[in-house]
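Visitor: predicted structure and sequence below. I'll ask about it afterward.
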Amino acid sequence: MDTIDVGYSRRLVGPNLFFNDTGTVLDVEVTTDQDKLVILWQDEVKRIMPVFSSLWFDYKIAYKVYQSGIRLALSAPSDILLGACDVIDFIWASAIDRFYGGVGKTLHEAKESLLPAIQKESNIFYRDLYQKASSLQLNVFREEDVAYIGSGIGRYKVDLNHEGVASIPWQDVFDIPQVIVTGTNGKTTTVRLIHFICQSTGKFTGYASTDWVMIGHDIVDHGDYSGPTGHQFVLTNPKVELAVLESARGGLLKRGLVERHVSAACVTNISADHMSEDGVETLEDLLEAKSIVYQALGEEGYAIINLDDPFLSEKANTHIGKKIFISQHALSTSANKLLSSNDHAFFVEGGFFCYQNQTEKKTLIAVQDVPITMKGFAKHNIENALNAMALSFSLGCELDEITRALMQFENSADLNLGRGNFYQLQSGAKAIVDFAHNPASMEAILSLAKCYMTGASKLYLMIGTTGNRLNLIDDVSKVICEYQPDKIYIKELKDYLRGAELGEIPQKISNSLVAHGVNNANIQFVDNELAGAEIVLAALCENDVAVLCCHDNIEAVIHTVMKYV
């Protein structure tokens, strides 16, 4: 019998897949006897948890069983989350022991090995502070012996060792307007657009994304900050007046949300990506994971609902609270009926972006006059613009401020690095640099490329993928084959093998493309995306269009493209 995985536990810092509380989650890779193991774990929770009742007297348990594993969760007080991770590990180890015929861990072991650490970590003042702030609809963040109530310019810094709840000037503490953006595609572009719009109104804006944290006009740190760390980075900055927060699937599932009271939450769209990770096996699972952001809405917060997405449109009828609808189409009669007195809509009608509430309708700006739509060819950026309009509106921006800023936002590398950056080359050819990496984004970027082709044009494509996206290769290949590229360059991503062998991923992509009808003679392997870009650009003739899908070397690729402009 295979050894059962001991699992990997993490702190849940706020609203998450299982509950709205803080807590811990344990991810276990196990494919056999899952139901039996869950029952044993639940039994052990009930048996062992009373040991900690003096500090952890109330808790919730939850779990999710999926094809390749189990996710087990326990809610826990906000001040003992590290200890909670040790506890869930201990209880799971006890369940495993019982599974193999043992009697499980003893209560004495639990008391001796875990209770002292929990007692040391416990900070009842912070726990009381957290509960008080939550009751007042205020966000609260912790950094060791310091806590922050409220956010941005409205935050109050608390010394957990020397202050009391009664000494805090609660009447002066507030949260700045803040929005969360998640979804499969378009998150980063939408966040950048909102930041640009808000900055143009004179507000000091901060944002966190998969690329960096930006405070005002300055990038203060590069890296993937689409989780709690990046959000807290922005929200605890005392200069920030508005916060825009990108939230990726991994952070949502593994850590939850650090904020509990936001002005608006948006799920851009739902399509296949990162499947079979963290219990996400179907698009319904992905919808459930992404929808965690709606749990963080404050009492007056807006849920942004994409009526064009079949998964998200269901929330138009089911979400309780204020809503802003978006659509690339004129509002139908049924959609109009959805608009309550608290709701709004941004949509496209007759080639114009429009706004509507229950009492008025306004035509705002022609779609083709908004540069990021690329004359209306970039349908995905029309969706991104609509989401940005809705979210900026929820942050307090006026309609004329929003439209004026949209007219000024160029889809350049300076403002929107690696997202549909378009270049007219000296040869008369055209190049598009993009982050496309899943079926929906590949469809979006290739359909855009087709709009720039003439009868004499050839289509060149550079692609690659990461070791955790192998299950998407066939679906991406199907999309590529629909557009019949004349030449396909498959790159190696050596820093993103994620368990694969060198050369394995490009070969899988090639095999899939050939299986779907691509002539093997039209496929070429390249060592990396920079080398591939050099080869592609040198091969282009007048009217040709190249799509360069970049992941780890975007700036260097764009620098190379600029030599041909």
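Guide: Nice, thanks for sending it over.

Visitor: what residues are up against residue 494?
Guide: Contact analysis of residue 494 by C-beta atoms under 8 Å, 6 or more residues apart in numbering lists 502, 528. (Each C-beta comes from the backbone N, C-alpha and C, glycine too.)

Visitor: got the phi/psi numbers for it?
Guide: For residue 494, the backbone dihedrals (degrees, to the nearest 10) come out as phi -60, psi -30.

Visitor: pLDDT score assigned to it?
Guide: Looking at residue 494, its pLDDT stands at 92.

Visitor: tell me how far it lies from residue 125.
Guide: Residue 494 sits 49 Å away from residue 125, going by C-beta to C-beta, to the nearest Å.

Visitor: just residue 90 next, same as before
Guide: Taking C-beta to C-beta, one finds residue 90 at 27 Å from residue 125.

Visitor: buried ones in the longest helix anywhere in the chain?
Guide: Ranked by residue count, the top helix of the chain under DSSP state H comes out as helix 81-99. Using 16 or more other C-beta atoms under 10 Å as the test for burial, helix 81-99 gives 81, 83-96, 98-99.

Visitor: for it, packing partners?
Guide: With contacts taken as 3 or more C-beta pairs under 8 Å, 6 or more residues apart in numbering; DSSP states H and E, helix 81-99 sits against strand 8-12, strand 23-29, helix 34-48, strand 69-75, helix 107-113, helix 115-121.

Visitor: what does the fifth one contact?
Guide: Which is helix 107-113. 47-48, 51-52, 87, 90.

Visitor: need those residues in JSON lines (columns: distance to residue 271 and pLDDT).
Guide: Shown next, in JSON lines, are the contacts of helix 107-113 (distance: C-beta to C-beta, whole Å; pLDDT from 0 to 100):
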{"residue": "47", "distance to residue 271": "43", "pLDDT": "98"}
{"residue": "48", "distance to residue 271": "42", "pLDDT": "98"}
{"residue": "51", "distance to residue 271": "46", "pLDDT": "97"}
{"residue": "52", "distance to residue 271": "43", "pLDDT": "97"}
{"residue": "87", "distance to residue 271": "38", "pLDDT": "98"}
{"residue": "90", "distance to residue 271": "39", "pLDDT": "98"}
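
Visitor: what would the residues you listed look like in CSV with distance to residue 255?
Guide: Converted to CSV, the contacts of helix 107-113 look like this (distance: C-beta to C-beta, whole Å):
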residue, distance to residue 255
47, 28
48, 24
51, 26
52, 22
87, 18
90, 21
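
Visitor: run through the bridge partners of residue 143.
Guide: Per DSSP bridges, the residues bridged to residue 143 are residue 146.

Visitor: same question but for residue 265, I mixed them up
Guide: Going by DSSP bridges, residue 265 forms beta bridges with residue 180, residue 303.

Visitor: surely it meets residue 293?
Guide: Yes - Residue 265 lies in contact with residue 293 (C-beta atoms under 8 Å); the separation is 4.0 Å.

Visitor: what is the burial count for residue 550?
Guide: Each residue near residue 550 was counted by other C-beta atoms under 10 Å, and the total is 25.

Visitor: ok, now residue 319?
Guide: 15.

Visitor: same thing with residue 120?
Guide: 10.

Visitor: quick one: it from residue 480, how far?
Guide: Counting by C-beta to C-beta - residue 120 and residue 480 are separated by 56 Å.

Visitor: how many neighbours does the closest residue to residue 125 other than its chain neighbours have?
Guide: In space, residue 125 comes closest to residue 160 once its chain neighbours are excluded; the distance is 5.9 Å by C-beta to C-beta, 6 or more residues apart in numbering. For residue 160, the neighbour count with other C-beta under 10 Å is 16.
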